[in-house]
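Novice: give me the fold of what follows.
(one chain, ligands or ions: 2)
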Amino acid sequence: MEKFLGQEYITSENKVDINEIWNNAKELIANDKKVTAISYDVWIKTLEPVEIKGNALVLATPSLSSKKYLLKNYKSKIASCLNQAYSSITDVEFVIGTSAEELRDEPEAEETEEESSEITSYSFNPKYTFDSFVVGPSNQFVAAAAKAVAENPGGKFNPLFIYGGVGLGKTHLLHAVGNYVTEHSPKLKVVYVTCEKFMNDVIAAIRDSRKNATAEFRAKYRTTDILIIDDIEFLAGKNSTQTEFFNTFNDLKDANKQIIVSSDRPPKDIPNLEERIRTRLEGGLLADIGIPDIETKIAILSKKAQIEHYNVSRDVIEYIAGADTTNIRTLEGMLSRAVFYAGITNSSIVTLDIAREALKDILVQDESEIDAGRIIESVCKFYNLKKDELLARKRTKEIAQCRQVAMYLISEMLSMPLESVGNIFGKNHATVIYAKNKIAEDMAKNKKFATEVNDIRQMVKGK
Ligand code: ADP
Ligand code: MG
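Specialist: Numbers count the residues shown, from 1 in each chain. Ligands and ions are numbered 1, 2, ... in the order given. Okay, the predicted model is just below:
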């Protein structure tokens, strides 16, 4: 048996069955006397294995708050049971996502020739369709644009650039286009990749010394009728990937093939992006997904309840929709948790009381455990500064950067409005935007600095 299961070993030829490993580990956890049956049902049973990364099994969990809870309370237990189940695995990591399918990249099928023809059909999440996408004032325009492109790829709106904050439905719409085209124009080849996957493919092609490695890469990306790249902001600072993207883009555009990309921000705000790429991305249709109003949040949750056959009273939906987040994924996670609690308390309908009880931890955890004060404290501790120094208006270069890090983290970790972040430091929102971009840019440029910022992030999380 293998003693070492480093990344090198886990390839398509050397597949270990992660479902089996996880099932065995789950059984060990379930039999552990310290883990109550309810905790097991709520926290462990719902996790789904995604992949093996190094010597860790990556598990998908539906929300940031559950991830935090798991890290704090179950990480070592899960890791040790995994290790008992499979000796090469010694650690566990958590990623946020509603389904493991969605999170799993599709490397196996893309690595071998005969499977690559399946690209069009298997990579789209069947749940993410236009029918299941609720349209409201915040996303009306972008939904119409995506539908138009799906009906007439390579037409007027090329490229289509979709941008907006986390959990607002970008990936859903991209998959909806894929599903629509697969159904209505099955002859068209549609490729969907995350920017990260695209980048890995570029790097693999460059590293691969075989002559036809580049040709294979091109065959994959330049012969598509529709190329969809999710989260393109990750191109920031990645030079060779940008070059390859530029060439791919031009080839496809010249041949009237459709390009669709998504990003958390508009092209002009992506740092370290070549000017020629920026202008091309801006040359098609830019469509932003806005923040949903309360009615849209209610409609989305109602639709979700209907699709999943949840028996939920209207006041529960309203209660959840009223939570202080615009991230639909978080809201959906809260709804499933409420439903789950109802299940374990043998209630056939989710009442408001059950929902309150079920969500007590999450709401409290998100709001009370991490706040701006705690982030500022961590930044000061890390850079050995006094809080007054950080908050004062003084502008030595070093302190200014620490302050920007604090603004960046507060805004990223708390999804706080820019205005409010500015208020903490006595600055306006433009200064906060500047700080966020500057830090993102510096992180992309400087690995050491990126590690620093991430270390502080971990500190804030209490790790
Ligand atoms: P993003 O890619 O913008 O971070 P996702 O597309 O992953 O967000 O959306 C997060 C979750 O919210 C998904 O489960 C998605 O189905 C759901 N969602 C977002 N917007 C809508 C909508 N308008 N109607 C229905 N579901 C939505
Ligand atoms: Mg997404």
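Novice: residues in this structure within reach of ligand 2, list them.
Specialist: With C-beta under 5 Å from the ion as the criterion, the chain meets ligand 2 at residues 170-171. No exception for glycine: its C-beta is placed from N, CA and C like everyone else's.
Novice: nearest to ligand 2 within the chain, name that residue for me.
Specialist: Distances between the chain and ligand 2 by C-beta to the ion are smallest at T171, namely 3.3 Å.
Novice: how many neighbouring residues does the nearest residue to that residue once chain neighbours are set aside have?
Specialist: When the adjacent residues along the chain are set aside, T171 lies closest to D230, with 5.7 Å between them (C-beta to C-beta, 6 or more residues apart in numbering). Burial of D230 is recorded as 21 neighbouring residues (other C-beta atoms under 10 Å).
Novice: so who does D230 touch?
Specialist: Contacts were defined as C-beta atoms under 8 Å, 6 or more residues apart in numbering; by that measure D230 touches 170-171, 174, 192-195, 261-262.
Novice: wait, which of the residues you listed is closest to T351?
Specialist: For those, the minimum distance to T351 (C-beta to C-beta) is 32.2 Å, reached by T171.
Novice: secondary structure element holding that closest one?
Specialist: Under DSSP states H and E, the secondary-structure element containing T171 is helix 170-184.
Novice: confirm S262 sits in a strand?
Specialist: Yes - counting by DSSP: H, G, I helix; E, B strand; the rest coil, S262 is found in a strand.
Novice: neighbours of it, how many?
Specialist: Using other C-beta under 10 Å, S262 has 25 neighbouring residues.
Novice: next, K34: secondary structure please.
Specialist: Once three-state DSSP is applied, K34 turns out coil.
Novice: how about the contacts made by it?
Specialist: K77.
Novice: okay, it: pLDDT?
Specialist: pLDDT, the model's per-residue confidence, is 79 for K34.
Novice: what of the one 5 residues further on?
Specialist: Predicted confidence (pLDDT) for S39: 76.
Novice: equivalent analysis for D366, please.
Specialist: Reading off the model, D366 has pLDDT 46.
Novice: kindly report the same for I44.
Specialist: 89.
Novice: how many other residues sit next to it?
Specialist: In terms of burial, I44 registers 21 neighbours under the definition other C-beta under 10 Å.
Novice: now for the residue nearest to it when sequence neighbours are not counted: which residues touch it?
Specialist: Across the structure, with C-beta to C-beta, 6+ apart as the measure, the residue nearest I44 apart from its sequence neighbours is I29 (5.4 Å). With contacts taken as C-beta under 8 Å, 6+ apart, I29 has the following neighbours: 35, 40, 44, 77-78, 81.
Novice: give me the element I29 is part of.
Specialist: Since the elements are taken from DSSP H and E, I29 ends up inside helix 18-30.
Novice: which residues of the stretch 301-450 of the chain fall in helices?
Specialist: Taking DSSP state H, counting those that start in this stretch as the criterion, the stretch 301-450 of the chain carries its helices at 314-321, 328-344, 352-364, 372-383, 387-391, 397-414, 418-425, 429-445, 447-460.
Novice: with distance to N200 and mean neighbour count added, can I get those in a markdown table?
Specialist: Written out in a markdown table, the entries for the helices of the stretch 301-450 of the chain read as follows (distance: least, C-beta to C-beta, whole Å; neighbours: other C-beta atoms under 10 Å):
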| stretch | distance to N200 | mean neighbour count |
| --- | --- | --- |
| helix 314-321 | 37 | 19 |
| helix 328-344 | 24 | 21 |
| helix 352-364 | 34 | 16 |
| helix 372-383 | 31 | 19 |
| helix 387-391 | 38 | 15 |
| helix 397-414 | 24 | 20 |
| helix 418-425 | 33 | 17 |
| helix 429-445 | 17 | 18 |
| helix 447-460 | 18 | 15 |
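Novice: quickly note the distance from the spatially closest residue to M459 that is not a sequence neighbour to T61.
Specialist: Counting by C-beta to C-beta, 6+ apart, the nearest residue to M459 once its immediate chain neighbours are dropped is S378, at 4.3 Å. With distances defined as C-beta to C-beta, to the nearest Å, the gap from S378 to T61 amounts to 24 Å.
Novice: same deal with A444?
Specialist: Here the distance between A444 and T61 works out to 27 Å (C-beta to C-beta).
Novice: cool, and I307?
Specialist: Spatial separation of I307 from T61 under the definition C-beta to C-beta is 21 Å.
Novice: comparing those two, which residue is more hemmed in?
Specialist: Between I307 and T61, counted using other C-beta under 10 Å, the more crowded position is T61 (22 against 11).
Novice: ok, now which ones touch the more buried one?
Specialist: 46-47, 67, 70, 94-97.
Novice: of those residues, closest to N24?
Specialist: Nearest to N24 among those is L47, at 13.8 Å by C-beta to C-beta.
Novice: tell me the pLDDT at the residue in the stretch 201-350 of the chain positioned nearest to ligand 1?
Specialist: Nearest residue of the stretch 201-350 of the chain to ligand 1, counting by C-beta to the nearest ligand atom: I328, 3.3 Å away. Turning to I328, the model gives it a pLDDT of 95.
Novice: the residue lying closest to it once chain neighbours are set aside in helix, strand or coil?
Specialist: On the basis of C-beta to C-beta, 6+ apart, the spatially nearest residue to I328 that is not a chain neighbour turns out to be G167, at 5.0 Å. Following three-state DSSP, G167 is assigned to coil.
Novice: isn't there a strand covering A287?
Specialist: Yes - note on A287: a strand contains this position according to three-state DSSP.
Novice: from here on, count from 54
Specialist: Noted, 54 is the first residue going forward, which turns the last one into A340.
Novice: tell me the spacing between it and I259.
Specialist: 33 Å.
Novice: of these two, who's got more company?
Specialist: Neighbour tally, A340 and I259, criterion other C-beta under 10 Å: the higher count belongs to A340, 21 against 14.
Novice: how about that one, nearest residue that isn't a chain neighbour?
Specialist: Closest residue in space to A340, ignoring its immediate chain neighbours: V195 at 4.0 Å, by C-beta to C-beta, 6+ apart.
Novice: does the one you found touch D341 like I think?
Specialist: Yes - applying C-beta atoms under 8 Å, one finds V195 in contact with D341, separated by 6.6 Å.
Novice: touching both of these two, which residues are there?
Specialist: 215, 217.
Novice: in terms of neighbours, single out the busier of these two.
Specialist: With other C-beta under 10 Å as the criterion, V195 and D341 differ in neighbour count, and V195 comes out ahead with 26 against 18.
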